[in-house]
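>>> Sequence plus the predicted model coming up.
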Amino acid sequence: MLWSLFKILVFVAIIGLLALGGHFLMQTSGGVQITVAGTEFTLGPLQSVIALGVLVFAVWLFFKLLSLLIATLKFLNGDETALSRYFDRNREQKGYHALADGLMALASGEGRVAMTKASKAEKLLNRPELTNLLVAQAAEMTGDTKKASDTYKKLVTNNATRFVGVRGIMKQKLAEGDDETARKLAEKALAIKPRHEETQDVLMNLQTKAQDWAGARSTLTSKLKAGHLPRDVFKRRDAVLALSEAKGILDEDASVEQQERAIEANRLSPDLVPAAAMAARAYIAKGKPRAATKILKKAWDVQPHPDLAHAFAEIAPEETPDQRIKRFTALTRIHPENMETRLILAELNIVAEDFPEARRALGDVVEKQGDARAYTLMAAIERGEGASDAVVQGWLAKALNAPRGPQWVCNNCHDIQPEWGPVCQNCGSFDTLSWQTPQTPEIASATGVHMLPLIVGALEDQSEEPEAMEPAEGDDVVEVTADAVEVAEQAEVQKQA
């Protein structure tokens, strides 16, 4: 309110001053006399002031018209002027409008509309770093992979958009199934943006598929440094990769390196069953049974597993069955009520031909948690105690139709794997296998080593003896366990058929 009043007062004051000045000039005598071509013009004081104002305005207008003429000539010549900038702004506005429409069409799934708008924006804006990405994605949506590929290649040539171009071509190669090229492109993309999480995941997945364990470990370390992976998960996966490296080196008969990798894998993740078993075997090869025992006991304390029992048996392969039962106390006393512990005790006593003790070790496992392995052990116990063939065959028939029990199951696709591996053979996911009972039970399909790791080891030892030897009292048990293995293998054949 006060400001408006102030402006009104100022305006009135100016008008008053002008009126006062005009009145003063009209009262003043004299003036200006101008002669043009022999003609004299006499102007009074007020007229002189007005003529001066008109002259100043005419000169200003002349220079403005002259500037406009010069600007027009420059515009026609192609030089940048205010006029050209006006048209450029208008063109840019239309281009950004087309770009926005293209993005909306792309988000709405209208590929052809997005392609049209992208082409229009590309012509109007002349900003390839903005329009090429829209053109490429619109081309992919319409199925024009060639145009999309060409556009991504254009993005690669620009430093500002190189990562986007490499990533786009990488995804195209993944869709085509060219994993080798995609892996190289992922490495280049990660070199441009080392902390990009999606590219790290893609590269690591491709490296594990290609069994590039050293490269995968490097990528895993990058994920940890970028803060995309918790440290405990990093240690677990690094152990899996170290174990995978150990397996590969073992195949090349480089035993010293294999032993070091296996020991490193167990150090990184002591509860990883395959790592513990392999590290124990590495220490056995080095002549360090105490270190092997310590590793296996620590892993058994986390999760009892038949592979650990099998490795524990290899520590002293020449011991008698009674000595083995005594030595296995180091494991069996850790989780005495665990199903795996009771099954191992039953196997050990069957090998020692102490069938009543084997039955006591099983306890109520057959009634409460009966699976193929438990039923097979019961068949061996019944044969060892002198039961009829009908009773033994009844247990074997149950073993044939019983669920397998805990197995290596993929947490991602729930596929059952015959043995542990760093990558699921079905879906290709990394570090998703865990020892658990499948959600959908299947018939027994394991080989003898998986079902009865200790008994089958005894069978292999006996099979190396000369044929002329007299049959021992435990030969009936050997026969029934061999039958159990054969039944399991037949079940596997029937399942595959």
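Everything's here; your move. Residues are numbered from 1 along each chain as shown.
>>> give the contact list for the residue nearest the centre of the chain.
Among the residues of the chain, the one closest to the centroid is Asp201, at 3.1 Å (CA atoms, centre = their mean). Neighbour list for Asp201: Lys223 [criterion: CB atoms under 8 Å, 6 or more residues apart in numbering]. (Each C-beta comes from the backbone N, C-alpha and C, glycine too.)
>>> Helices of the stretch 151-300 of the chain, start to end?
Defined through DSSP state H, counting those that start in this stretch, the helices belonging to the stretch 151-300 of the chain, from first to last, are 162-176, 179-192, 197-209, 213-225, 231-251, 255-268, 273-285, 289-302.
>>> Dump those helices into JSON lines; add mean pLDDT as well.
Output for those, formatted as JSON lines (pLDDT from 0 to 100):
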{"stretch": "helix 162-176", "mean pLDDT": "91"}
{"stretch": "helix 179-192", "mean pLDDT": "93"}
{"stretch": "helix 197-209", "mean pLDDT": "91"}
{"stretch": "helix 213-225", "mean pLDDT": "90"}
{"stretch": "helix 231-251", "mean pLDDT": "77"}
{"stretch": "helix 255-268", "mean pLDDT": "73"}
{"stretch": "helix 273-285", "mean pLDDT": "86"}
{"stretch": "helix 289-302", "mean pLDDT": "90"}
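>>> Buried deepest among these, which one?
Mean neighbour counts were compared across the helices of the stretch 151-300 of the chain using mean count of other CB atoms under 10 Å; the top stretch is helix 273-285, at a mean of 25.
>>> chain center to it: distance?
Relative to the mean C-alpha coordinate of its chain, helix 273-285 is positioned 29 Å out (CA atoms, centre = their mean, to the nearest Å).
>>> if we can go back for a sec, need the helices of the stretch 151-300 of the chain in TSV (columns: distance to Ser48).
Listed next are those as TSV, based on distance: least, CB to CB, whole Å:
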stretch	distance to Ser48
helix 162-176	71
helix 179-192	75
helix 197-209	81
helix 213-225	84
helix 231-251	92
helix 255-268	101
helix 273-285	107
helix 289-302	109
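>>> To Arg342, which of those lies closest?
helix 289-302 (13.7 Å; CB to CB).
>>> Let me know the angle separating that closest one from helix 273-285.
Our comparison of helix 289-302 with helix 273-285, counting by axes from the mean of the first three to the mean of the last three CA atoms, to 10 degrees, yields an angle of 160 degrees.
>>> still on that earlier bit, the helices of the stretch 151-300 of the chain: which one's closest to Ala399?
Sorting the helices of the stretch 151-300 of the chain by CB to CB, the top spot, which is the nearest, belongs to helix 273-285 at 24.1 Å.
>>> Show residues contacting that closest one.
By CB under 8 Å, 6+ apart, the residues outside helix 273-285 that reach it are 239-240, 242-243, 246-247, 255, 258-260, 262-263, 265-266, 268-270, 289, 291-293, 295-296, 298-299, 303, 305, 307-308, 310-312, 314-315, 420, 435.
>>> can you rerun that using 7 Å?
The contact list for helix 273-285, computed with CB atoms under 7 Å, 6 or more residues apart in numbering, reads 239, 243, 246, 255, 258-259, 262-263, 265-266, 269-270, 291-292, 295-296, 299, 303, 305, 307-308, 311, 314-315, 420, 435.
>>> before we move on, what about stretch 298-317?
Stretch 298-317 is contacted from outside by 270-271, 273-274, 276-277, 280-281, 284, 289, 292-293, 296, 324, 327-328, 331, 334-335, 338, 340-341, 344, 435, 450, 453-454, 457, using CB under 7 Å, 6+ apart.
>>> Against Pro403, how distant is Pro321?
Pro321 sits at a distance of 29 Å from Pro403 (criterion: CB to CB, to the nearest Å).
>>> again with Asn349
The span separating Asn349 from Pro403 equals 24 Å under the rule CB to CB.
>>> Comparing these two, which residue is more hemmed in?
Set side by side, Asn349 and Pro403 show more neighbours around Asn349, with 24 against 17, by other CB atoms under 10 Å.
>>> Contact partners for Ala186?
With contact taken as CB under 7 Å, 6+ apart, Ala186 is in contact with Met170, Thr199, Val202, Leu203, Leu206.
>>> Tell me the spacing between the last one and Ala397.
When distance is defined by CB to CB, Leu206 is 47 Å away from Ala397.
>>> Could you do Asp371 as well?
14 Å.
>>> Those two: which has the busier surroundings?
Just comparing Asp371 and Ala397: by other CB under 10 Å the higher neighbour count belongs to Asp371, 22 against 13.
>>> wouldn't the more buried one be in contact with Ala402 here?
Yes. Asp371 lies in contact with Ala402 (CB atoms under 7 Å); the separation is 5.3 Å.
>>> Next secondary structure element downstream of the lengthiest helix in the chain?
When secondary structure is assigned using DSSP state H, the longest helix within the chain turns out to be helix 45-77. Where DSSP states H and E defines the elements, the next helix or strand beyond helix 45-77 is helix 82-107.
>>> buried ones in that next one?
Of the residues in helix 82-107, Gly95, Ala98, Leu99, Asp101, Gly102, Leu103, Ala105, Leu106 count as buried by neighbour count, 16 or more other CB atoms under 10 Å.
>>> The fifth one: what's it in contact with?
Shown in contact with Gly102 (CB under 7 Å, 6+ apart): Ala114, Lys117, Ala118, Ala121, Leu134, Ala138.
>>> May I see the buried residues of the host helix or strand of the fifth one?
Which is Leu134. Taking DSSP H and E as the definition, Leu134 sits inside helix 128-142. By neighbour count, and taking 16+ other CB under 10 Å as the criterion, the buried residues in helix 128-142 are 128, 131-142.
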